[in-house]
Structures are given as structure tokens and as C-alpha cells.
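[1] next input, structure requested:
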Amino acid sequence: MKALSPEQLLKLWQKMSVHSLGKKAFSKILGQVIPYTGSISPLIEEWETGRCHVSIKDSRKVRNHLNCIHAIALANLGELSTGLAVTSILPEGGKIILKNLEIEYIKKAKGPIYAIAESGVLPSELGSENIEHKVSSKIFDQNKIHVCSAHAVWVVRK
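    All right, here's what the predicted structure looks like:
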């Protein structure tokens, strides 16, 4: 599947997310557009201006030898949630590239996991020059226990 622009992704999300199976279908499409991200089978739960909520199921393919979710699966989830939060505020024709990703593992992650990222920046604040934008994502288990944090620096450019 060919890459979609941020504008196309957002339009597709807005159209699909209103239907009962639309979020799952959109998430599957996103996983095909971004193959490595697709390896964790994410489900985009919410995606709005400056905010994203993404979940993954606990399955064998995301587990490690310690019988919990692998550290890199959590990093992948953190990167995806922060990237979508930034994507939602891009100016038309804007692009992002990850410059830095910092992960803090707090405790073993088991069961369904979800990440919430908020950009805290308005689209009008981005301007047209290259700008570095730091976004954090908190990752929780099904009991709402904070298991991991991801801090990403995205370079935003037109």
C-alpha cells in the first residue's frame, strides 16, 4: 500500500472512526502503510487535534522471554502515539521525522496496554520553518497503572 499524506490519514480516520468497525479497519490500514508499526497490531482508539489514544493487546508476538510485553513493543507504541498527536496538528503539506525517542520503563507491562499522547501545541504555533517538538506519551496497563513513558522529539517541517 502506498504512503498516505498526513491530511489523507486524518480524513480517512474522520470518515472511518464513526463506524463500529471503522477504528479497527483504519488501524489495519495504518499498519500496512507503516509496516513496523503494524507489527504490534495497534488499535487507534481516539485521534483528535493534538491528542492520540492507542492500544495494543497482549499477545505472543509482542511478548518477551520474561512473559511480559517487550520493551521495544512499548517503545513502538510510544512512538506511534506521539507521532499521531503531532501529525494531527501539522500545517497543510507538513511532514514530521523522529529525531529522538527516550523510553522510561517503570514496571512490567502485562495485559492490554494503552498509550495517551498529547502535543500541547496549537497548529498555529508550528510555523513554516523546521521546528523541534517534544511530545510525551504515558503508557498504562488495563488497571490504569503507569508502566512506561515515552518522550519523542519530532522535527516538523513544511
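
[2] quick check on the residue nearest to the spatial centre of the chain: phi, psi?
    Centrality entry for the chain: nearest residue to the mean C-alpha point is residue 81, 1.9 Å, by Cα atoms, centre = their mean. Here is the backbone geometry of residue 81 (degrees, to the nearest 10): phi -60, psi -40.

[3] all numbers from here: first residue = 25
    That works, and once the first residue is 25, the last one we named lands at residue 105.

[4] how about it, what does it touch?
    Listed by Cβ atoms under 8 Å, 6 or more residues apart in numbering, the contact set of residue 105 reads 76, 77, 78, 139, 140, 141, 161, 174. Heads up, the C-betas are built off the backbone N, CA and C, glycines and all.

[5] pLDDT score assigned to it?
    Residue 105 is assigned 98 on the pLDDT scale.

[6] measure it to residue 90 for me?
    23 Å (Cβ to Cβ, to the nearest Å).

[7] bridging residues for residue 124?
    residue 177 (DSSP bridges).

[8] that one contacts residue 179, doesn't it?
    No: using Cβ atoms under 8 Å, residue 124 is not in contact with residue 179; the gap is 9.6 Å.

[9] of those two, which one has the most company?
    A direct count of neighbours by other Cβ atoms under 10 Å for residue 124 and residue 179 places residue 179 higher, at 15 against 11.
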